[in-house]
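Chemist: Provide a 3D model corresponding to the input given below.
(one chain, ligands or ions: 1)
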Amino acid sequence: MALPQASLELRELGNTGLKLSCVGFGASPLGNVFGPVSDEDAIASVREAFRRGINFFDTSPYYGGTLSEKMLGKSLKALGVPRHEYIVSTKCGRYVEGFDFSADRVTRSIDESLARLQLDYVDILQCHDIEFGSLDQVVNETIPALQKLKEAGKIRFIGITGLPLEVFTYVLDRVPSGTVDVILSYCHYSINDSTLEDLLPYLKNKGVGVITASPLAMGLLTERGPPEWHPASPELKSACQAAVAHCKEKGKNISKLALQYSLSNKDFSSVLVGMNSVGQVEENVAAAIEVTTVGKDEETLSEVEAILKPVKNQTWPSGIQH
Ligand code: NAD
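Modeler: Sure, this is the predicted structure:
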């Protein structure tokens, strides 16, 4: 099949010098968290993503209890391209066994991740879902440990991830400037929740790169619907279901609309979407190219926004209270 003429846009990530593809490959589905994925589908999805201009791949030891990292490693190796042609981020501190942000655990964690990924270094190592740990430990112990890993050449940049937006300002206000290179926020920049936008001036001022994940709200904005474990309230789930039904009735694809919504704000360096099939890769890359060449379907977007208005910016609790 001929490749589309236009290519996927690359965007600078804060002060890192990295240029990420505007669509990033979220590898959590390779850990079977949205249903089973065969080795063949995983490898083919990563190959197709790279071929179509996706250069950024995100995983974690937590996804599928290390399965996502193993599958991503296998798939990247199968690409057979020089290491500098793709950007890999993984995480530390969150495991199927629980949370541990101690210096000792995260220092061991990167070696385990590198072995599973079959890599000598990762581009970004992120403290995973820090709202479940002590934020003061993250500031005083975890991030300094990650700085040592940076000096050792095992990681190039340091990041933090989480759901409540306050955790980012808490940490960034307390670490020396330039220590945390990137934040990864999820479910706060999709059609139903755009609260991450309010934090952009602060993050820009700090020189921190911003990645937004889960444009499909972890399955809420898909025809297939969310997985069993999805933490949204019944009210939010049913409003999203109504939005999905509305698009379907009009012959429109809600996932495409949702991805295009997230991609339209260029202050986000990459929109990480979870993918587990060649078909999804094709659709998502085509949606990204369409939004830069043609624009998005404003009419359907306003209709969907109207349906979701009663639940706009509704989120769910995550983490321990600080
Ligand atoms: P998502 O909103 O990207 O939704 C993923 C679901 O949508 C999967 O079921 C996928 O198969 C499906 N999908 C993808 N493209 C589709 C299409 N074109 N049509 C229909 N369905 C489609 O949620 P996500 O996977 O949770 O988030 C994306 C990535 O972001 C993750 O894989 C992970 O890498 C990262 N992430 C990180 C954190 C964190 O660090 N705390 C949290 C959430 C997500």
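Chemist: hey, let's count contacts and neighbours off CA atoms from now on
Modeler: OK.
Chemist: now the strands for this structure?
Modeler: Ranges of strands within the chain are 10-12, 19-21, 23-26, 56-58, 87-92, 94-95, 98-99, 122-127, 155-162, 182-186, 209-213, 270-274, based on DSSP state E.
Chemist: what bridges to F56?
Modeler: Here F56 sits in beta bridges with I87, going by DSSP bridges.
Chemist: pretty sure it is touching G24, no?
Modeler: Yes - here F56 lies in contact with G24, judged by Cα atoms under 8 Å, at a distance of 5.0 Å.
Chemist: who in the chain is up against the ligand?
Modeler: Within the chain, the residues that sit near the ligand (Cα under 6 Å from any ligand atom) are 26-29, 34, 58-59, 128-129, 161-162, 186, 213-219, 222, 255, 272-276, 280, 283-284.
Chemist: So how do I select the buried members of those in PyMOL?
Modeler: Buried subset of the residues of the chain next to the ligand, written as a PyMOL selection, criterion 16 or more other Cα atoms under 10 Å:
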select buried, resi 26+27+28+29+34+58+59+128+129+161+162+186+213+214+215+216+217+218+219+222+255+272+273+274+275+276+280+284
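Chemist: before we move on, the earlier item: got the strands of the chain as CSV, with distance to S318 and mean pLDDT columns?
Modeler: As requested, the strands of the chain are exported to CSV (distance: least, Cα to Cα, whole Å; pLDDT from 0 to 100):
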stretch, distance to S318, mean pLDDT
strand 10-12, 30, 98
strand 19-21, 28, 98
strand 23-26, 20, 98
strand 56-58, 21, 98
strand 87-92, 18, 98
strand 94-95, 14, 98
strand 98-99, 13, 98
strand 122-127, 15, 98
strand 155-162, 9, 98
strand 182-186, 12, 98
strand 209-213, 16, 98
strand 270-274, 20, 97
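Chemist: How much space separates the closest residue to V138 other than its chain neighbours from G225?
Modeler: Using Cα to Cα, 6 or more residues apart in numbering and skipping the chain neighbours, the partner closest in space to V138 is F101 (6.7 Å). Going from F101 to G225 by Cα to Cα, to the nearest Å gives 33 Å.
Chemist: Show me where the stretch 51-200 of the chain has its helices.
Modeler: Residue ranges of the helices in the stretch 51-200 of the chain, as given by DSSP state H, counting those that start in this stretch, are 67-79, 103-117, 135-137, 143-151, 166-172, 200-206.
Chemist: which other helices and strands contact the second one?
Modeler: In terms of contacts (3 or more Cα pairs under 8 Å, 6 or more residues apart in numbering; DSSP states H and E), helix 103-117 is packed against helix 67-79, strand 87-92, helix 143-151.
Chemist: Report the angle between the second one and strand 122-127.
Modeler: Just to be clear, that refers to strand 87-92. When axes from the mean of the first three to the mean of the last three Cα atoms, to 10 degrees is applied, the directions of strand 87-92 and strand 122-127 differ by 30 degrees.
Chemist: So what's the gap between strand 87-92 and the chain middle?
Modeler: Strand 87-92 has its average C-alpha position 10 Å from the chain's average C-alpha position, going by Cα atoms, centre = their mean, to the nearest Å.
Chemist: Deepest-packed of the helices and strands packed on helix 103-117, please.
Modeler: Of the helices and strands packed on helix 103-117, the one with the most neighbours on average (mean count of other Cα atoms under 10 Å) is strand 87-92, at a mean of 24.
Chemist: pretty sure V106 contacts R94?
Modeler: No - in this structure, V106 is not within contact of R94 by Cα under 8 Å, at 9.5 Å.
Chemist: what is in contact with those two at once?
Modeler: Here V106 and R94 have D100 as joint contacts, going by Cα atoms under 8 Å, 6 or more residues apart in numbering.
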